[in-house]
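Enquirer: Give me coordinates for this.
(one chain, ligands or ions: 1)
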Amino acid sequence: MKSRRQFIKLGAVGSVALMSQAVTAAPDDLTQSQQPTKKQKVIKPIVVSTWNHGLDANKAAWEVLSKGGTALDAVEKGVRVTESDPNNTSVGLGGLPDRDGNVTLDACIMDHNSNCGAVAFLQHIENPISVARKVMEDTPHVMLAGDGALTFALSKGFKKTNLLTESSKEAWQNWLKSSNYQPRINSENHDTIGMLAIDEAGNLAGACTTSGMAYKLHGRIGDSPIIGAGLFVDNEVGAACATGLGEAVIRVAGSAIVVELMRHGKSPQEACEEAVARIIKKHKNLENLQVGFIALSKNGEVGCHSVYAGFNVALRDQVNEKMVDAKYEKEW
Ligand code: SD4
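Expert: Here you go, the predicted model:
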């Protein structure tokens with residue numbers, strides 16, 4: 001196996017070769033129900049989400065979907081599970097703080113009518129996704145940030161919570177010893193959760209929520225609360241969400257691009273691969289630049305792809321409840 005350094009050195013030629021292999025194949029593990037031909041009947045509902053924590057989140061989403069509930073309710077319920085898990089250090093409660101010790105959260109949600117809501121740089125609230133939904137439903141706006149988002153959340157009855165758990169505080173204090181400003185994207189299967197669903201009625205929705213980069217600059221906002229970057233849903237076409245280095249996702253309008261590529265005929269898998277290729281092309285330095293996309297088309301196909309190895313996706317439908325390893329372009 002090539003070392004991470006060797007892969008990076010391969011540069012453009014290497015990545016083109018890897019890409020052409022990748023384009024011909026969807027993740028082997030995606031079953032027929034996730035890869036129907038245009039004429040096949042879609043087996044609904046379906047929910048798909050990022051990383052291992054997606055399995056538990058999908059379970060909660062499935063409780064809604066399997067009873068005929070809406071994709072919107074499902075994705076909100078689903079990602080709340082991850083937000084409220086104190087052992088997950090990259091989402092909600094227990095998230096690793098910024099370099100000054102503050103846990104700051106980003107989240108967004110989007111429905112089949114292109115309604116959307118987001119909160120950014122929100123502190124002290126355990127379930128930012130539900131605040132994002134309130135922004136969507138109870139205000140004429142799409143995004144609230146910082147103190148304004150907190151004031152709004154409190155006015156809607158959300159309770160102030162200390163989000164910094166003892167273990168995340170300890171990790172931060174260890175980091176402070178060197179105080180080396182190298183904000184890092186969390187990995188090892190503990191990352192942002194992005195979730196996409198299609199309900200029995202055939203409507204799509206998505207949600208994305210994160211505490212962002214560990215030890216980031218106070219005030220830094222990533223891609224996750226930005227509609228079109230961390231998440232995008234177009235009910236005529238499909239939905240996509242992103243995980244990984246938010247700055248890179250924003251630069252290519254990642255999730256919007258994936259949906260747009262599907263609109264122009266690419267399968268979800270091909271669309272995710274093309275978005276990853278675009279990220280690789282636009283960044284000279286790929287060190288630590290992990291990004292993964294997942295996509296769900298209107299006809300129930302699922303795709304996923306990442307820059308580096310290790311990204312995986314949780315799937316739930318009437319036959320499957322499983323993890324799928326995404327194909328990727330580079331070894332670490
Ligand atoms: C961000 N995309 O804040 C999010 C975080 C993430 O891996 O996905 N971390 O940039």
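Enquirer: What residues sit buried inside stretch 278-288?
Expert: For stretch 278-288, burial by neighbour count (16 or more other CB atoms under 10 Å) applies to 278-280, 283, 286, 288. Yep, even glycine has a C-beta here, placed from its N, CA and C like the rest.
Enquirer: Minimum pLDDT in these, which residue is that?
Expert: On pLDDT alone, N288 ranks lowest of the buried residues of stretch 278-288, at 82.
Enquirer: wait, doesn't that one sit right on G244?
Expert: No - between N288 and G244 there is no contact under CB atoms under 8 Å: 9.7 Å.
Enquirer: secondary structure element for the residue nearest to H53 when sequence neighbours are not counted?
Expert: In this structure, H53 finds its nearest non-sequential neighbour in T82, 4.9 Å apart by CB to CB, 6 or more residues apart in numbering. Assigned by DSSP states H and E, T82 belongs to helix 71-83.
Enquirer: Check A201 too.
Expert: A201 is part of no helix or strand when elements are defined by DSSP H and E.
Enquirer: Need the phi and psi values for it.
Expert: When read as degrees, to the nearest 10, the backbone of A201 gives phi -80, psi -10.
Enquirer: check contacts around it.
Expert: By CB atoms under 8 Å, 6 or more residues apart in numbering, the contact list for A201 reads T70.
Enquirer: measure it to K266 for me?
Expert: Counting by CB to CB, to the nearest Å, the separation of A201 from K266 is 25 Å.
Enquirer: Flag every residue of the stretch 201-332 of the chain that's near the ligand.
Expert: With CB under 6 Å from any ligand atom as the criterion, the stretch 201-332 of the chain comes near the ligand at residues 210, 212-213, 222-224, 243-246.
Enquirer: go with 8 Å
Expert: Contact residues, the stretch 201-332 of the chain versus the ligand (CB under 8 Å from any ligand atom): 210-213, 216, 220-224, 230, 242-247, 249, 290.
Enquirer: Mind checking which of the residues you listed are in helices?
Expert: If you go by DSSP state H, those have 246-247, 249 in helices.
Enquirer: Out of those, flag the one nearest to A71.
Expert: Proximity of those to A71 was ranked by CB to CB; the top entry is V249 with 22.4 Å.
Enquirer: since we're on that closest one, how many residues are nearby?
Expert: When neighbours are defined as other CB atoms under 10 Å, V249 has 27 of them.
Enquirer: Wait, it touches A229, no?
Expert: Yes - taking CB under 8 Å as the definition, V249 is a contact partner of A229 at 5.2 Å.
Enquirer: what touches both of those two?
Expert: 223, 242, 255.
Enquirer: Can you get me a residue count around the first one?
Expert: Okay, so that is D223. 32.
Enquirer: With the last one instead?
Expert: The criterion is other CB under 10 Å. On that basis, S255 has 31 neighbouring residues.
Enquirer: where along the protein do the strands fall?
Expert: 46-50, 105-110, 116-122, 143-145, 193-198, 204-210, 231-234, 238-244, 291-297, 302-308, 312-316, 321-325, 327-330 (DSSP state E).
Enquirer: So for N87, which of these sits nearest?
Expert: strand 193-198 (13.5 Å).
Enquirer: Return the per-residue confidence for S15.
Expert: Note for S15: predicted pLDDT of 30.
Enquirer: who in the stretch 1-150 of the chain is up against the ligand?
Expert: So far as CB under 8 Å from any ligand atom goes, the stretch 1-150 of the chain lies against the ligand at 50, 90, 106.
Enquirer: Next, count neighbours for the last one.
Expert: Applying the criterion other CB under 10 Å, we find 29 residues in the vicinity of D106.
Enquirer: Might you report the residue contacts of it?
Expert: Under the criterion of CB under 8 Å, 6+ apart, the contact list for D106 reads 118-122, 128, 209-212, 221-222, 224-225, 230.
Enquirer: let's go with 6 Å and repeat that
Expert: Each residue near D106 by CB atoms under 6 Å, 6 or more residues apart in numbering is listed here: 120, 210, 212, 221-222, 224-225.
Enquirer: ok, the closest residue in space to D317 that isn't next to it in sequence - how many residues close by?
Expert: Leaving aside its sequence neighbours, D317 sits nearest to I46 (CB to CB, 6+ apart; 4.5 Å). Using other CB under 10 Å, the number of residues around I46 comes to 27.
Enquirer: Can you add mean pLDDT and distance to L164 and give the strands of the chain back as TSV?
Expert: Listed next are those as TSV, based on pLDDT from 0 to 100; distance: least, CB to CB, whole Å:
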stretch	mean pLDDT	distance to L164
strand 46-50	97	23
strand 105-110	98	12
strand 116-122	98	14
strand 143-145	98	20
strand 193-198	98	19
strand 204-210	98	16
strand 231-234	98	26
strand 238-244	97	22
strand 291-297	97	27
strand 302-308	96	29
strand 312-316	96	27
strand 321-325	95	30
strand 327-330	95	33
